[in-house]
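*Asks:* sequence? don't have it. structure:
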Ligand code: PMP
């Protein structure tokens, strides 16, 4: 029955993570997977999350199925978090939001929806982008193309080329944009560049699909929502998939959402209805425990305050690691410009290391990076950052 199947090559990042786990060297360093580790190298359980879970345990409430669109409390909190409590689109009922199975679940539900309701539209993703973007949209039967983004020569953005490409797209094309902390490069648009995108997207009648998986890791929780609020204030229709995996350190809880900003409340109702139908055909309804955590952390003032402090601490620790890496590399290899480590934002940096240099780092020094040269800066800590920087200097020399 199944002998004709092609073997699955595995996801390159997850496979690398498994290879790391199997590596017996005590000083190995995992900079491959997109997970925030604390300074002791552990995935933190945030106090606010633990307290929310304690409240859930005490309440001992039944665990019914959630509705297809998820928990009403969580959806309302997500809307305020992304769009701001005073958002006109929110007030006018123009946003359809669903709690989803992680933001991956949201991205896929959105992709299925687009395939059904905008069947002529292709998706355009940044070059490069998170590999799963392409896989998910192609898996939904949507054609995927790319627009220029990262500039290897500068470690920055090819903004003019990006805009030129967007100006040439057919109307109703879907443009996938990372709202902050671009994965894999760490290269984000400036506020002026976001502003410059608005007329292009509007005049060309393009449909932005924002992915925000690292809210708070860039410049701050509200600051990182800038593009979302800018597009909403500009009266545009667009998608936003957001994740709490990283910002609340709840990866396995599968906490995420999908929001669609529409032209009217009536349109938002239509969208929500068809999104529910899509969910029903996929996984029926999302996770109740995730909803309990997120709605409490965002909705309870004390937990919210603790969460904001935790996110700030995670962001600042990553920044400190960026600065240390930059300092050691600058000392070891004077004359080379490593400034991109400081300007890139969020968990990831494109190091500019070649696949051969990445292999050397792993084989000789036990430092694991994705072969594209993407580094998860959040895997660095005060115990391994010097060693890692020395190893990088050795393979770069
Ligand atoms: N988008 C991007 C850019 C990501 O990096 C990730 C996680 N690696 C996701 C979406 C999905 O996150 P999750 O499904 O855990 O919410």
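*Replies:* Sure thing, it's come through. This is a predicted model, so every value here is computed, not measured.

*Asks:* burial of residue 199, as a residue count?
*Replies:* 10 (other CB atoms under 10 Å). For every residue, glycine as well, the C-beta is placed using N, CA and C.

*Asks:* that one in helix, strand or coil?
*Replies:* helix (DSSP: H, G, I helix; E, B strand; the rest coil).

*Asks:* and it, what's its pLDDT?
*Replies:* pLDDT, residue 199: 98.

*Asks:* with residue 397 instead?
*Replies:* pLDDT, read off for residue 397, is 88.

*Asks:* what's the neighbour count on the residue nearest to it when sequence neighbours are not counted?
*Replies:* If the residues on either side of it in the chain are set aside, residue 397 comes closest to residue 333, at 6.6 Å by CB to CB, 6 or more residues apart in numbering. Residue 333: 14 surrounding residues under other CB under 10 Å.

*Asks:* doesn't residue 394 make contact with residue 333?
*Replies:* No: using CB atoms under 8 Å, residue 333 is not in contact with residue 394, being 10.0 Å away.

*Asks:* distance of residue 85 relative to residue 320?
*Replies:* From residue 85 over to residue 320 the distance is 32 Å, taken as CB to CB, to the nearest Å.

*Asks:* ok, those two, which is more surrounded?
*Replies:* residue 320 (15 against 9).

*Asks:* and that one, what helix or strand is that in?
*Replies:* Element membership of residue 320 [criterion: DSSP states H and E] is helix 301-332.

*Asks:* could you say what helices and strands that helix packs with?
*Replies:* helix 47-59, helix 288-299, helix 340-343, helix 385-396 (3 or more CB pairs under 8 Å, 6 or more residues apart in numbering; DSSP states H and E).

*Asks:* out of those, which comes closest to the ligand?
*Replies:* helix 288-299 (10.0 Å; CB to the nearest ligand atom).

*Asks:* now that closest one: average pLDDT?
*Replies:* 98.

*Asks:* now swap in stretch 226-235 and tell me
*Replies:* On average, stretch 226-235 scores 98.

*Asks:* stretch 239-249 too?
*Replies:* For stretch 239-249, the per-residue pLDDT averages 98.

*Asks:* and if you look at stretch 14-26?
*Replies:* 90.

*Asks:* pretty sure residue 372 sits against residue 127.
*Replies:* No: Residue 372 lies out of contact with residue 127 (CB under 8 Å); the separation is 11.7 Å.

*Asks:* identify the residues contacting the residue nearest to residue 397.
*Replies:* 393, 396-397 (CB atoms under 8 Å, 6 or more residues apart in numbering).

*Asks:* of these, just the buried ones, PyMOL syntax please.
*Replies:* The PyMOL selection below is limited to those of those classed as buried (16 or more other CB atoms under 10 Å):
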select buried, resi 393+396
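
*Asks:* got the contacts of residue 333 as CSV, with distance to the ligand columns?
*Replies:* Shown next, in CSV, are the contacts of residue 333 (distance: CB to the nearest ligand atom, whole Å):
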residue, distance to the ligand
393, 28
396, 26
397, 31
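
*Asks:* include distance to residue 72 when you put the contacts of residue 333 into JSON lines, please.
*Replies:* Listed next are those as JSON lines, based on distance: CB to CB, whole Å:
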{"residue": "393", "distance to residue 72": "53"}
{"residue": "396", "distance to residue 72": "52"}
{"residue": "397", "distance to residue 72": "58"}
